[in-house]
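1. From the sequence below, what's the structure:
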Amino acid sequence: MKYLIKNINVFDSNSEIQTNQNIYISKGKIENFLHNENNIDKKCQIIDGTNKLLVPVITDLYSNLKTPGEEHRSILDQEISAAIAGGVTNVCCHPATDPVLDEPSLIKNLISKANKIFPINIKPFAAITKNLAGEQLSEMKELFDAGAIGFSQAEQPIIDTKVLLRAFEYAKTFGFTLFLRPAENYLSKNTYANESSIATRLGLKGSNRNSEIIEILKYLALSKDIGTKIHLSKISCRESLEIIEKAKNANINVTCDVSINQLLFNEQDIDGYNSNYHLVPPLRSKIDQKEIFNSIQNDVIDAISSDHCPVDLDKKMLPFEESEPGASSFETFLPLIFKIAQDHQINITKLLSKISLEPYKILNNKKYDLKKCSNIDFCLYDESLSWIPSQSLIKTSGKNIPFEYELQGRVSHTFVDGEKIYEL
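-> As a prediction, this is how the structure comes out:
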């Protein structure tokens, strides 16, 4: 199919917004940015780009697609549908599924099932250790050949430092990236909130911030010594960001992301025991949140993840400590990025790069070039639409969205490989 998108604003590969463009798409790529329509196929589909912004290759580095098991096929359908409706064209799936993504056949099956539902780009992270148990390394080379984009322990730390050392050495040998969520086991286990006076007053067992800091120091020491490329996921503490900044200045091969939840909320939101704010890592202080915004501005933080984690409503209705952590965010990801830009006076191009161009570069070790790419992925974001993400409107299996306010702007179209796969 050929498309002509008229009068569209474009967030381009240089992190700039080009206004009032006419774009002709043929055979999966942009033929050119048109100033006239004399040489196009008259049978092409015309899309009105008025009030819309083209955002290329939204890439989510941390999300949970639940399980690849056949009995949960309907859940996979719903989560991929939610990602598409949110304009997310590259979805990184962490290995904490059931069964764990630690066998090549499971990686192949997940990609195959997803592609049968929609031609979305599923980027699975394989488990660093068998069954995420932290004891025996998985067959990382075979998993990579099967389609794994990187390696992760999801939320499960490797307690045995000798195993961790071997993982770093193995990854370095083959040029793999380790995607690590820093949380020291004994300080983070069975905790439900940030360790602070708020958690104490509510009677909730708090997670000490050193849980994150200690693991980051360990990972950075190994990366510096061995040379392994690492990505640190869902950073939440001020001190962590200060340490990462120093590591980057010392040329340690490290990147990091932050969950969008840490930009939207802080520990004060758990007051009232609202289990929708039961998240991992826990919501931190306003001081931590301020440093996160500073670190986005100065590029210490490379990417923002949706941290999409659908939870059944009955598991969210339990008391705070008994509830399952997580929040659904695929479909609200882009509108919330615009809200954050407005509320905190951050240039929207800075935030858009953190959900598209920068995470794409982390995964693929190359820059995304919208004009030269032969199979373009993008969404159209209609800034004129206002909506409330109610349970009846969202496609995800988990209706656990921790807010009820109106959002301005919504994804109207999603394209993968130059073909339209979603229209609102």
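
2. Kindly state the pLDDT recorded for Asn36?
-> Note for Asn36: predicted pLDDT of 62.

3. What of Leu313?
-> pLDDT, Leu313: 88.

4. Ala114 now?
-> 77.

5. Find the nearest non-adjacent residue to it, please.
-> In space, and not counting its chain neighbours, Ala114 is closest to Ile122: 4.2 Å by Cβ to Cβ, 6 or more residues apart in numbering. (Each C-beta comes from the backbone N, C-alpha and C, glycine too.)

6. can you give me the strands in the stretch 201-350 of the chain?
-> 206-207, 229-232, 254-259, 303-305 (DSSP state E, counting those that start in this stretch).

7. want to throw the ones you listed into a markdown table with mean neighbour count and distance to Ile388?
-> Listed next are the strands of the stretch 201-350 of the chain as a markdown table, based on neighbours: other Cβ atoms under 10 Å; distance: least, Cβ to Cβ, whole Å:
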| stretch | mean neighbour count | distance to Ile388 |
| --- | --- | --- |
| strand 206-207 | 22 | 32 |
| strand 229-232 | 24 | 34 |
| strand 254-259 | 25 | 22 |
| strand 303-305 | 26 | 23 |
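
8. Quick check: which of those strands is nearest to Asn32?
-> Evaluated with Cβ to Cβ, those place strand 303-305 nearest to Asn32, the distance being 30.3 Å.

9. Point to the helix or strand of this structure where mean pLDDT is at its lowest.
-> strand 29-34 (a mean of 77; mean pLDDT, DSSP states H and E).

10. Could I get the strands of the stretch 201-350 of the chain in CSV, plus columns for mean pLDDT and distance to Lys248?
-> Output for the strands of the stretch 201-350 of the chain, formatted as CSV (pLDDT from 0 to 100; distance: least, Cβ to Cβ, whole Å):
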stretch, mean pLDDT, distance to Lys248
strand 206-207, 96, 25
strand 229-232, 98, 11
strand 254-259, 98, 6
strand 303-305, 98, 14
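
11. Mind checking those strands for the one nearest to Thr97?
-> strand 303-305 (17.3 Å).

12. Looks like Phe330 contacts Thr89 (just checking).
-> No: Phe330 sits out of contact with Thr89 when judged by Cβ atoms under 8 Å, with a separation of 11.5 Å.

13. Sheet-wise, list the partners of whichever helix or strand comes after the least confident helix or strand of the chain with their directions.
-> Next in sequence after strand 29-34, counting helices and strands by DSSP states H and E, comes strand 45-48. Strand 45-48 has the following strand partners under DSSP bridges: strand 3-11 (parallel).

14. Which positions within the helix or strand that comes right after the partner strand qualify as buried?
-> Sequence-wise, the next helix or strand downstream of strand 3-11 (DSSP H and E) is strand 17-26. Neighbour-count burial for strand 17-26, with 16 or more other Cβ atoms under 10 Å as criterion, is recorded at Ile17, Gln21, Asn22, Ile23, Tyr24, Ile25, Ser26.

15. so how far is Thr50 from the third one?
-> To tie it back to what came earlier, the one meant is Asn22. 12 Å (Cβ to Cβ, to the nearest Å).

16. And for the fifth one?
-> Distance of Tyr24 to Thr50, computed by Cβ to Cβ: 17 Å.

17. One more: the first one?
-> For Ile17, the distance to Thr50 under the criterion Cβ to Cβ works out to 15 Å.

18. max-length helix in this structure?
-> Secondary structure of the chain per DSSP state H: the longest helix is helix 210-226.

19. Domain-wise, how is this structure divided?
-> Recorded structural domains for the chain (assignment: automatic domain parsing) are 3-53+374-423, 56-364.

20. Tell me, how many residues neighbour Ile346?
-> 17 (other Cβ atoms under 10 Å).

21. hang on, the earlier thing: any idea of the mean pLDDT in the longest helix of the chain?
-> 98.

22. Repeat that for stretch 156-173.
-> 97.

23. Quick one: end-to-end length of stretch 310-320, please.
-> 16 Å (Cα to Cα, to the nearest Å).
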